[in-house]
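Student: A predicted structure for the sequence below; I have some questions about it.
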Amino acid sequence: MDTPVVGIIMGSKSDREVMQSCADQLVALDVPYEVLIASAHRNPERVYEWATTADTRGLRVLIAGAGKAAHLAGFLAANTPLPVIGVPMKTSDLGGMDSLLSMVQMPTGVPVACVAINGARNAALLATQILGAALPEYREKIVQFKAEQAALSPGSA
Ligand code: RP5
């Protein structure tokens, strides 16, 4: 199996169903990935170890799915030079606005790219686009994806 280039992390098993569409999209694009379930507040040492070794292990983009006071993506961004994409989970109390604002409002100097609430599939596409900026094989996967999407859309001939 190829060395993972995308790392997916989520804060809880309860995030797994939403984040599965991220993994499924990476499979469809032939992007090797790894997955960890660990929380920035329940397992801070494990997340720190994962974040600080991600680059040397060969990962190139990190995707973090988390809900409520969702500091997981920001915690990663503080501890890696790799780009980090946050997926804010929809929540029962505040509908995911809590997760969204926790991720998107990172202070200057520690950016997190944030997709829509439950936007796990877009996180996979954005990660592949980031890889594709330097690697033509991933750029070609996105070109193909866009062509297939256009062919399926109602506006196409
Ligand atoms: C966050 O708290 C997780 O990312 C999850 O979205 C949320 C709730 O976690 P559980 O209480 O369901 O484990 O850490």
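Tutor: Perfect, I can see it now. Numbers count the residues shown, from 1 in each chain.
Student: Residues of this protein that sit close to the ligand?
Tutor: Selection of the chain residues close to the ligand by C-beta under 6 Å from any ligand atom yields 11-12, 14-15, 39, 66-68, 89. C-beta: built from backbone N, CA, C; applies to glycine.
Student: Helix, strand, or coil at A64?
Tutor: strand (DSSP: H, G, I helix; E, B strand; the rest coil).
Student: Look up the residues forming beta bridges with it.
Tutor: I9, G86 (DSSP bridges).
Student: pretty sure it contacts V6?
Tutor: No: using C-beta atoms under 8 Å, A64 is not in contact with V6; the gap is 11.5 Å.
Student: Show only the entries of the residues of the chain next to the ligand found in helices.
Tutor: With helices taken from DSSP state H, there is no overlap with those.
Student: Pick the one among the residues you listed closest to T80.
Tutor: Closest approach to T80 among the residues of the chain next to the ligand (C-beta to C-beta): A66, at 15.8 Å.
Student: rewinding a little: any of the residues of the chain next to the ligand buried? List them.
Tutor: Buried subset of the residues of the chain next to the ligand (neighbour count, 16 or more other C-beta atoms under 10 Å): 11-12, 15, 39, 66-68, 89.
Student: quick one: the strands in this structure?
Tutor: Along the chain, counting by DSSP state E, strands occupy 6-10, 33-37, 61-66, 84-88, 113-114.
Student: Can I get the third one in PDB? Just the C-alpha atoms.
Tutor: The one in question is strand 61-66. Provided in PDB are the C-alpha atoms of strand 61-66 (Å, rounded to 0.1, in the frame of the first residue of the first chain):
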ATOM      1  CA  VAL A  61      -2.200  17.700   4.200                       C
ATOM      2  CA  LEU A  62      -4.100  17.200   7.400                       C
ATOM      3  CA  ILE A  63      -7.900  17.100   7.700                       C
ATOM      4  CA  ALA A  64      -9.500  17.500  11.200                       C
ATOM      5  CA  GLY A  65     -13.200  16.800  11.900                       C
ATOM      6  CA  ALA A  66     -14.400  18.000  15.200                       C
END
